[in-house]
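[1] Sequence and predicted model, in that order:
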Amino acid sequence: MKTVKCHRCGKELRTDDYNTDGKAYYCQWCAPIARQEEWNAQHGCESITTDKDGNIVRKYRDGRTTVHTPKQVKHSFWRTVIILLLLAAAVFVGIKYYSYSKNESNLLAPFEITQTESGDGSNVISTALSGSSTYEIYELTVSPKKEGFISSIFSSSSDCAKTSNFTVDGKTVYRYYFSGYDFGTGLEGEFYLTDINGKRALIDDDHGKVYMEGSEFFGKHIEKLEAFNPATVLKPLTEKVSGGEYGINSQYYVLKKDGVSLSCSGDGNPINVLDESGEERLSYKVQYYESSMGKLPNYSEYETVE
């Protein structure tokens with residue numbers, strides 16, 4: 001079989017796998033480039049100049065000449081800018097919508113009932129509440145979730161209030177993290193509740209301060225921080241779904257009532273709650289662990305406030 005080489009890139013071609021202009025052979029990738037180069041050589045722009053009136057004059061190799069006034073050039077420029085802005089906006093909205101659809105699907109999936117179950121679902125509530133007594137280590141995350149695509153465009157999906165605990169030298173340490181959502185505590189940033197020299201203290205890691213028990217800051221926030229734990233947070237939510245629609249899906253037992261949905265696995269770990277009954281839609285996620293790897297920040301040089 002006769003073989004030839006692409007006149008442009010040198011790729012070997014079979015007789016049924018090339019294009020020819022009668023003199024040179026081109027592969028399927030180089031053929032359109034070669035045609036464009038040939039067209040430019042015959043018809044492309046040869047020069048661009050400005051005349052005495054400020055007009056843009058373009059001369060082409062086939063003898064054509066075009067003249068554009070400054071007003072026409074300015075109009076063309078802004079038209080291009082507007083088109084690019086519209087394209088950028090369309091891409092932005094498209095990406096946002098894809099992200100919103102994916103996040104919304106992931107948010108609602110744990111609460112989908114694929115099979116209705118008999119009974120009042122009280123076992124779901126007892127299972128969800130059992131984790132606090134079964135496990136010592138937990139992580140609770142509460143996140144506001146905007147409802148509807150338009151309201152979610154400029155909102156942050158990372159806003160949350162989070163609490164967890166771990167053990168240091170046999171003592172339990174509680175970590176609190178607030179980013180864009182404070183769960184009613186009035187706090188922002190990362191905090192640790194621990195014992196220092198036999199006295200309770202609240203470490204403000206972002207501002208480098210240690211607020212000892214008895215200080216104004218400690219007294220102002222300790223009650224709400226201590227109430228921010230799975231047992232206290234889940235209890236009123238489970239009361240709202242009592243006697244509601246009961247069913248299961250491939251992963252969870254589900255209980256729903258009056259805009260509140262609860263789902264949990266058979267052993268009560270993890271637990272998901274979606275509360276749509278109030279002005280703000282809130283997502284709750286609880287995960288329990290057998291052990292923890294947390295550690296306190298180095299607060300040795302932090303300012304101590306008595």
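    Perfect, I can see it now. Residues are numbered from 1 along each chain as shown.
[2] Go through the chain and flag its longest helix.
    Using DSSP state H, we find that the single longest helix of the chain is helix 70-108.
[3] how's this structure carved up into domains?
    The chain is divided into the following domains under automatic domain parsing: 1-43, 45-111, 113-305.
[4] mean confidence score for the first one?
    Summarised as a single mean, pLDDT over domain 1-43 is 77.
[5] quick one on the thing from earlier: and the longest helix of the chain, what other elements does it pack with?
    With contacts defined as 3 or more Cβ pairs under 8 Å, 6 or more residues apart in numbering; DSSP states H and E, the packing partners of helix 70-108 are helix 149-152. For glycine as for every other residue, the C-beta is placed from the backbone atoms N, C-alpha and C.
[6] Next, the residues that contact the helix it packs on from outside, please.
    Counting by Cβ atoms under 8 Å, 6 or more residues apart in numbering, helix 149-152 makes contact with 96-97, 100, 146, all of which sit outside it.
[7] same question, stretch 250-261
    Contact with stretch 250-261 is made by 110-114, 117, 121, 123-125, 127, 237, 240-248, 262-266, 272-277, as judged by Cβ under 8 Å, 6+ apart.
[8] Show me those that map onto helices.
    Secondary structure assignment by DSSP H places 123-125, 127, 237, 240-241 of the contacts of stretch 250-261 in helices.
[9] still on that earlier bit, and the domains of the chain, which one is worst for confidence?
    domain 1-43 (a mean of 77).
[10] got the contact list for K235?
    L129.
[11] so which of the ones in helices among the contacts of stretch 250-261 would you say is closest to A201?
    Distance to A201, by Cβ to Cβ, is smallest for L237 among the ones in helices among the contacts of stretch 250-261, at 30.6 Å.
[12] which residues sit in contact with the closest one?
    In this structure, L237 makes contact with 260, 262, 273, 275, 284, judged by Cβ under 8 Å, 6+ apart.
[13] Could you rerun that using 10 Å?
    With contacts defined as Cβ atoms under 10 Å, 6 or more residues apart in numbering, L237 is in contact with 125, 128, 260-262, 271, 273-275, 277, 282, 284.
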